[in-house]
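J.: what's the 3D shape of this:
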Amino acid sequence: MKKFVALLLALTLVVVGVASAMASASQWVDVDLEGYKVVYLFNYNETVAMDTDGKTVTWGWDVFNNEYYAIGEATLWLSDEVAKEETYPHSKGAVAGRDPAWDVRYVISSTYVAGFEANEVVGNGSTLNVVPVDLTVEENTAFVYPVATKSHIVIGLLFAKVNVEEGYVQVELQYKDELYKDWGTTLTVYTTKAQLIDGSAANFELAEPISIEEELGGAPAVLVSIAGKVTYPTIFGPMWSTDKYGNLVPGRFFAYQDYFRFEKWVKTYRTNMTAALALVAD
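T.: The predicted model follows:
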């Protein structure tokens, strides 16, 4: 078996034309953003699907922060041989014995919006992830955050749409195209950091307007968390193609981007949210 591989993100992957999950966000997101200034707090290209035939990752140890970090950024860990064995058609010739769509290994995992751990905000030891949303903007603004799974992949995007003209914020979730099933998601909004400790935050409906004055007490910023569950394929894309003789041959395989808190791009992403975090009341 080959050793685990890691994949360095290349912008050229978004133009291979394999599946819309590999393209720019505008090609797979159907959230209505008309009239909003869209603010990506991270490089979206870090979260597009990647070719599974990449380079081997190297991990380093940060002696100052006492933690591991990926020298090869935007890494993807998977067992190359095993994953492909489960994905390839299991017969030879012009007709596959099994539909490759049914050969893919699926994973069920819980989801969260990737951000700060509550422990980083209030020191309560909780690993609950929250993201700050600045409600003081002067024009309609949609902030975009990556949605991750407990199995460490980026599975979609969260949009916090601040409508200044009508005085509300609306949170919408969009999963990537190759998702098999969405088991439902709970949205929680915290108007103060203290609510992370006492648990007094309120739940709201996704994709529904939340009045900033009436329901959020005129808060200058809020913390948002989600809790959901999804089923997704470990590998997708054209599982096979046909050669000039009509025989099935392996195609290119793609997988979702991994998410690790201590990669450089994720650290930068959190840094980009510190100003909004400071606006959240204690």
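J.: show me where pLDDT drops low in the stretch 1-150 of the chain?
T.: Within the stretch 1-150 of the chain, the segments meeting pLDDT under 70 span 1-28, 45-105.
J.: same thing but 90
T.: In the predicted model of the stretch 1-150 of the chain, residues 1-30, 42-108 satisfy pLDDT under 90.
J.: And for the closest residue to residue 202 other than its chain neighbours, the neighbour number?
T.: Spatial nearest neighbour of residue 202, chain neighbours left out: residue 189 (6.2 Å); criterion: Cβ to Cβ, 6 or more residues apart in numbering. For every residue, glycine as well, the C-beta is placed using N, CA and C. Counted with other Cβ atoms under 10 Å, residues neighbouring residue 189 total 22.
J.: If residue 189 is in a bridge, with which residues?
T.: Beta bridges link residue 189 to residue 202, residue 224, judged by DSSP bridges.
J.: Start and end of stretch 167-184, how far apart?
T.: 27 Å (Cα to Cα, to the nearest Å).
J.: Give me the buried positions along it.
T.: Neighbour-count burial for stretch 167-184, counted by 16 or more other Cβ atoms under 10 Å, picks out 167-179, 182.
J.: Check the average confidence over it, would you?
T.: On average, the pLDDT along stretch 167-184 is 91.
J.: need the contact list for the closest residue in space to residue 131 that isn't next to it in sequence.
T.: Nearest in space to residue 131, with sequence neighbours left out and distances taken as Cβ to Cβ, 6+ apart, is residue 115 at 3.7 Å. Going by Cβ atoms under 8 Å, 6 or more residues apart in numbering, residue 115 touches 129, 130, 131, 132, 145, 270, 273.
J.: picking that back up, between the buried residues of stretch 167-184, which is nearest residue 227?
T.: Residue 227 lies nearest to residue 173 out of those, by Cβ to Cβ, at 11.5 Å.
J.: on that earlier part again, may I see the PyMOL selection of the buried members of the contacts of residue 115?
T.: In PyMOL, a selection of the buried entries from those looks like this (16+ other Cβ under 10 Å):
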select buried, resi 129+130+131+132+145+270+273
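J.: Helices - which of the contacts of residue 115 land there?
T.: residue 270 (DSSP state H).
J.: What is the nearest of the contacts of residue 115 to residue 38?
T.: The nearest member of the contacts of residue 115 to residue 38, counting by Cβ to Cβ, is residue 145 at 12.0 Å.
J.: still on that earlier bit, thought residue 196 was touching the residue nearest to residue 202, still the case?
T.: No. Using Cβ atoms under 8 Å, residue 189 is not in contact with residue 196; the gap is 11.7 Å.
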